[in-house]
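Novice: coordinates for the following, if possible.
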Amino acid sequence: MARLLIVDDERPVRGMIHRCLQDLGHEIGEAENAQAALASMAQAPADVVFCDVQMPGEDGLWLTRQIRNMYPTTAVVLATGVSSVAPNISMQAGVLAYLVKPFSRQAVRDALTVALEWHDKVKVSGPRPEDIGERLQQWLDSLEDM
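Specialist: Residues are numbered from 1 along each chain as shown. This is a model prediction of the structure:
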């Protein structure tokens with residue numbers, strides 16, 4: 001069982017991701033902003049964080065950098081409302097998958113699978129930048145197919 005954290009300033013989006021994942025047997029927490037997410041992580045670090053890119057206050061990119069510094073084995077899945085992701089977003093260390101809103105239940109579950117595989121690997125061996133780069137390239141290649 002993994003610990004998941006959903007971070008989004010919009011309650012309906014948090015609820016939708018929660019519903020996509022709730023029957024998989026994982027522990028799921030929610031936070032409405034980056035500060036609340038860090039407070040939650042301090043209590044019980046998540047294995048995977050699903051995070052909106054655009055939030056009031058500190059955004060998802062800021063949160064990703066904090067998570068990477070403090071919790072290097074936590075995988076991050078970013079959610080965005082734009083179909084093409086800028087390089088400053090796509091090249092964030094530790095970001096294993098992207099969800100483009102509106103996203104499907106299967107897209108959320110697929111992102112979780114990728115993130116958990118990475119998390120399990122780095123728990124044992126430590127984060128490897130080349131693993132992250134490979135996943136990012138696969139994701140960028142999939143965008144070209146759209």
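Novice: show me where the protein has helices.
Specialist: Per DSSP state H, the chain carries helices over the ranges 11-21, 34-43, 60-70, 87-90, 105-125, 129-144.
Novice: please identify the most buried of those.
Specialist: Mean neighbour count (mean count of other C-beta atoms under 10 Å) peaks for helix 60-70 among these, with a mean of 18. Where C-beta positions appear, they are placed from N, C-alpha and C, glycine not excepted.
Novice: now do that one against helix 34-43, angle only.
Specialist: Direction vectors for helix 60-70 and helix 34-43, defined by axes from the mean of the first three to the mean of the last three C-alpha atoms, to 10 degrees, enclose an angle of 20 degrees.
Novice: tell me the helices and strands packed up against helix 60-70.
Specialist: Taking 3 or more C-beta pairs under 8 Å, 6 or more residues apart in numbering; DSSP states H and E as contact, the helices and strands that helix 60-70 lies on are helix 34-43, strand 48-52, strand 75-80.
Novice: cutoff 10 Å now
Specialist: Helices and strands touching helix 60-70, by 3 or more C-beta pairs under 10 Å, 6 or more residues apart in numbering; DSSP states H and E, are strand 3-7, helix 34-43, strand 48-52, strand 75-80, helix 87-90, strand 95-100.
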